[in-house]
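>>> Sharing a sequence plus its predicted fold:
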There are 2 protein chains.
Amino acid sequence: MTTSTRTAPFFDRLEEARRTKKSVLCVGIDPRPERIPEAFHEAAGGDIERLLTDFGTQVLAQAGPYAACFKPQIAFFEQHGLAGLKAFATLVGEARSRNLLVIGDIKRGDIGSTAEAYAHAFLEPGGDFEVDAVTLNPYLGADSLGPFVERAAANGKGLYVLVRTSNAGAKDLQELTVADSTDRVFERTADMVTALGAPHVSETTGLSAVGAVVGATSPEAGARARERMPHTPLLVPGYGAQGGTAADAAVCFRPDGSGAVVNASRSINHPPAPDGDWHAAVARAAQAAQEELYAACCPD
Amino acid sequence: MTTSTRTAPFFDRLEEARRTKKSVLCVGIDPRPERIPEAFHEAAGGDIERLLTDFGTQVLAQAGPYAACFKPQIAFFEQHGLAGLKAFATLVGEARSRNLLVIGDIKRGDIGSTAEAYAHAFLEPGGDFEVDAVTLNPYLGADSLGPFVERAAANGKGLYVLVRTSNAGAKDLQELTVADSTDRVFERTADMVTALGAPHVSETTGLSAVGAVVGATSPEAGARARERMPHTPLLVPGYGAQGGTAADAAVCFRPDGSGAVVNASRSINHPPAPDGDWHAAVARAAQAAQEELYAACCPD
């Protein structure tokens, strides 16, 4: 095995991107054909694979200088069947060839050999869908996450386990209080994440290979998650279109400004472009989010 | 819209299959190349798409007479990238063309428009990955399941939400007791499933369009789930290779023998074949499981 940067732990590479670009912005790529500018539709001529690939590639190109990482949402590709997934494969390959870090937002979770198969699909070098990190769902428990942890640790990949999500339904299960304690379910999930990551904490950054998703829409839960998982890198959705502010997201960072990235999707994929120049509008929206988040979350 | 049997509610169609075939057996399709007989490898000549398609099609052919439904596990296809997913698409199309019912074991779960995109991918007529029912993960709460419920109800599809899984890790979150009650988390999930399905109960069978996954490895939890969700169809994994018996699974059925199917994967995909005849061994294993389960779960 070489010692290229590719095999350094994902969260070390992400921290390096933060310092180099002064960015804690994760740009989601959620292509909705009905909101993609007409020029892309004309060029694609009805070819959905080309439409999604061209659009996603331009999001990479315009937002690249301002984004610590990108997070394509696989559902928006899978929705279009095989052609959509071909576009996903092309896009993640394109991002990686540009040395941009890619989190596959896949939210998988299953047991035993099935978890191994998913881990192989997304975290094994050379696969069609290889990404640098993935999101996972913890409902099935620690043994369902284990195969992902092993594969991530072996290949320098990262994981983000759903802990406390940004939607209203987070209250249904995640916010239930556990009997004979003051813990909520998401705090038990946080403990599971901490335990799974403990053997895989980087000496360089003090961050483990097992991160967590913690929404910006509940600063109380965000602060609690940050406190309870001191070595856990966080992925923070809910900023922007979902109502979370940069200040809400800031509670998810460590005091030195490390340990989290904040996702924005719609506001950067589909920004206001009064002059019709979508490309410039994407770059402008990404830069604005990068500056606002870095100022709010990272001390000088 | 026509009134073909395709648009009758999935769980009505599944109940009809139970009566016609005297079967409550769901045959999982989990192709592991290293366990696929050599003759398939020789015929495929290194083409993974063909290997998975040929193997899966023969499972359909051999087990078809004995199976109420089939459940391909998408991870075992996704593991092989685009070629694997082409095989998945071909296989589910093949099953549907044979009038076999197909549950896509996808365990998806996400919010808002992302959930809509997943529902579109798997539950919309004509899509590459169209199946008759899917498995879902409830960690994100009721609002994450809503888009699937709407799509399923509109298209005569079925859902199975993870409630109490068959693995050891089920204890980590699902078995936690909720404060100020005697409920466990999985019972709150069960209540969510019941509420989501309440507007979609079939007059024909009394079964809702929103089912639940309840493992056979904990008969106590299975009986509790059956009691708490009287109108909810159950998908019961854990029989066979995972250690659950037909008697363990029987607690998941309603008194008249309706309301559940029991999955078996490994024991039917990779049965003992002392004479080297894998095809006959699959048919034999499927018939044995069908007979054992029907005798244990369904009264005369």
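Arrived safely.

>>> Any figure for the gap between the nearest residue to A:Pro37 once chain neighbours are set aside and A:Ala39?
What sits nearest to A:Pro37 in space, not counting adjacent residues and going by CB to CB, 6 or more residues apart in numbering or on different chains, is A:Trp278, at 4.6 Å. For every residue, glycine as well, the C-beta is placed using N, CA and C. Distance of A:Trp278 to A:Ala39, computed by CB to CB, to the nearest Å: 8 Å.

>>> between these two, who's got more neighbours?
A:Trp278 (21 against 12; other CB atoms under 10 Å in any protein chain shown).

>>> if I pick the more buried one, what's in contact with it?
A:Pro37, A:Ala39, A:Pro271 (CB atoms under 8 Å, 6 or more residues apart in numbering or on different chains).

>>> Which ones among these map onto helices?
A:Ala39 (DSSP state H).

>>> Please point out which parts of the strand or helix carrying A:Lys86 sit buried.
Using DSSP states H and E, A:Lys86 falls within helix A:81-97. Buried residues in helix A:81-97, defined by neighbour count with 16 or more other CB atoms under 10 Å in any protein chain shown: A:81-92, A:94-95.

>>> any idea which of the residues you listed is closest to chain B?
A:Gly81 (3.1 Å; CB to the nearest CB).

>>> Could you double-check that the closest one sits in contact with B:Phe88?
No - here A:Gly81 lies out of contact with B:Phe88, judged by CB atoms under 8 Å, at a distance of 10.6 Å.

>>> Between the two, which contacts overlap?
B:Phe129.

>>> what residues does the stretch 1-150 of chain A put near chain B?
Where the stretch 1-150 of chain A comes near chain B, counting by CB under 8 Å from any CB of the partner chain, the residues are A:30, A:32, A:73, A:75-76, A:78-82, A:85-86, A:89, A:107-115, A:117-118, A:120-121, A:127-129, A:137-144.

>>> In ChimeraX, how would I select the buried members of those?
Isolation of the buried members of the residues of the stretch 1-150 of chain A next to chain B (16+ other CB under 10 Å) is achieved in ChimeraX through the command below:
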select /A:30,73,75,76,78,79,80,81,82,85,86,89,107,108,109,110,111,113,114,115,117,118,120,121,127,128,129,137,138,139,140,141,142,143,144
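
>>> Tell me where chain A has helices.
A:10-21, A:38-44, A:48-63, A:75-78, A:81-97, A:112-123, A:142-155, A:185-197, A:219-228, A:246-250, A:266-269, A:278-297.

>>> Determine which stretch of those is the most buried.
helix A:75-78 (a mean of 27; mean count of other CB atoms under 10 Å in any protein chain shown).

>>> Quick check: which helices or strands does that helix pack against?
With contacts defined as 3 or more CB pairs under 8 Å, 6 or more residues apart in numbering or on different chains; DSSP states H and E, helix A:75-78 has these neighbours: helix A:81-97, helix B:112-123.

>>> Of those helices, which is nearest A:Ala295?
helix A:81-97 (26.1 Å; CB to CB).

>>> Just the mean pLDDT for the closest one, thanks.
For helix A:81-97, the mean per-residue pLDDT is 97.

>>> contacting residues around that helix?
A:29, A:47-53, A:56-57, A:60, A:70, A:72, A:74, A:76-78, A:80, A:101-102, A:104, A:128-132, B:81-82, B:85-86, B:89, B:121, B:127-129.

>>> show me the contacts for the closest residue to A:Gly104 other than its chain neighbours.
Nearest non-adjacent residue to A:Gly104, counting by CB to CB, 6+ apart: A:Val131, 3.8 Å away. Applying CB under 8 Å, 6+ apart, we find A:Val131 in contact with A:Val92, A:Arg96, A:Val102, A:Ile103, A:Gly104, A:Phe122, A:Leu123, A:Lys157.

>>> Just name the closest of the residues you listed to chain B, please.
A:Phe122 (8.3 Å).

>>> Now do that closest one against B:Gln79, distance only.
9 Å.

>>> what does A:Phe55 give?
Taken as CB to CB, the span from A:Phe55 to B:Gln79 is 28 Å.

>>> Can you name the residues that contact the residue nearest to A:Ala221 when sequence neighbours are not counted?
Distance criterion CB to CB, 6+ apart; nearest residue to A:Ala221, sequence neighbours excluded, is A:Arg164 at 4.5 Å. A:Arg164 makes contacts with A:170, A:174-175, A:186, A:189-190, A:213-215, A:218, A:221-222, A:225, as judged by CB under 8 Å, 6+ apart.

>>> Output the below-cut-off pLDDT ranges for the stretch 51-200 of chain A.
Across the stretch 51-200 of chain A, nothing is flagged by pLDDT under 70.

>>> Pull the number of nearby residues for A:Gly206.
A:Gly206: 16 neighbours (other CB under 10 Å).

>>> dump the residue contacts of the residue in the stretch 151-300 of chain A that chain B sits nearest to.
Closest to chain B within the stretch 151-300 of chain A is A:Gly169: 2.2 Å, counting by CB to the nearest CB. Going by CB under 8 Å, 6+ apart, A:Gly169 touches B:Ile111, B:Leu140, B:Gly141, B:Ala142, B:Asp143, B:Ser144.
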